[in-house]
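> quick one: sequence and predicted model below, then my questions.
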Amino acid sequence: MAPRRTVPEGSMPPQSRAPTPPVVDDLDETPFFDNVDELQQHGINVQDILKLKGAAINTVSGVVMTTRRQMLKIKGMSEAKVEKIKEAAQKIVGSSFSTGIEVQDRRRRVLVISTGSKSVDAILGGGLMSQSITEVYGTRRSCWQSRIH
């Protein structure tokens with residue numbers, strides 16, 4: 001076995017390391033969805049939450065979107081339980097109701113972007129609308145056969 005070599009102090013230059021930058025988490029800490037377990041904080045029994053999970057309802061939004069009739073089909077769910085769960089979910093999610101004035105204000109912020117073709121713009125009502133998805137398609141096998149003037 002070879003003997004270990006020791007280097008006298010000060011004989012080697014200190015190693016320079018670039019300071020490690022602090023880790024910055026760009027993600028918002030607010031979760032994208034509310035887990036169905038949050039219903040427990042609003043007075044919903046753990047057993048009822050497990051029943052919801054067993055029926056593949058894993059988010060509070062899922063509870064809101066599931067109809068009362070569908071929830072009543074879950075074994076062990078009574079009308080009173082379903083109503084209580086729906087009310088708790090609505091408290092967590094909040095109201096999605098918008099007044100006509102609020103909708104009108106949102107529509108004012110929509111921009112119309114020209115496609116560069118007068119005929120396509122006319123068909124689309126002026127062009128492509130921002131804040132929306134526009135899908136354009138033709139008849140079957142019409143690709144490469146159409147010309148826009």
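It's in. Here the structure is a predicted model, which means the values were calculated and not measured. Numbers count the residues shown, from 1 in each chain.
> could you list the domains of this protein?
37-93, 109-148 (the TED database).
> not counting its own residues, what contacts stretch 110-123?
For stretch 110-123, contacts defined as CB atoms under 8 Å, 6 or more residues apart in numbering pick out 124, 125, 126, 127, 128, 129, 130, 131, 132, 136, 148, 149. Glycine gets a C-beta too; all of them are placed from N, C-alpha and C.
> please indicate which of the residues you listed are buried?
124, 127, 128 (16 or more other CB atoms under 10 Å).
> quick one, strands of the protein?
For the chain, applying DSSP state E gives strands covering 112-113, 128-129.
> picking up where we left off before, and the buried ones among the contacts of stretch 110-123, which is closest to residue 95?
Compare each of the buried ones among the contacts of stretch 110-123 with residue 95 using CB to CB and the shortest gap goes to residue 128, at 31.3 Å.
> my read: the closest one touches residue 135, true?
No. Between residue 128 and residue 135 there is no contact under CB atoms under 8 Å: 10.8 Å.
> in the protein, where's the longest helix?
helix 79-93 (DSSP state H).
> now it: how far from the chain's centre is it?
Centroid separation for helix 79-93 versus its chain: 22 Å, with CA atoms, centre = their mean, to the nearest Å.
> buried stuff in it?
81, 82, 84, 85, 86, 88, 89, 92.
> turn these into JSON lines, including pLDDT and distance to residue 57.
Formatted as JSON lines, those follow (pLDDT from 0 to 100; distance: CB to CB, whole Å):
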{"residue": "81", "pLDDT": "95", "distance to residue 57": "13"}
{"residue": "82", "pLDDT": "96", "distance to residue 57": "11"}
{"residue": "84", "pLDDT": "96", "distance to residue 57": "15"}
{"residue": "85", "pLDDT": "96", "distance to residue 57": "9"}
{"residue": "86", "pLDDT": "94", "distance to residue 57": "12"}
{"residue": "88", "pLDDT": "94", "distance to residue 57": "13"}
{"residue": "89", "pLDDT": "94", "distance to residue 57": "10"}
{"residue": "92", "pLDDT": "90", "distance to residue 57": "14"}
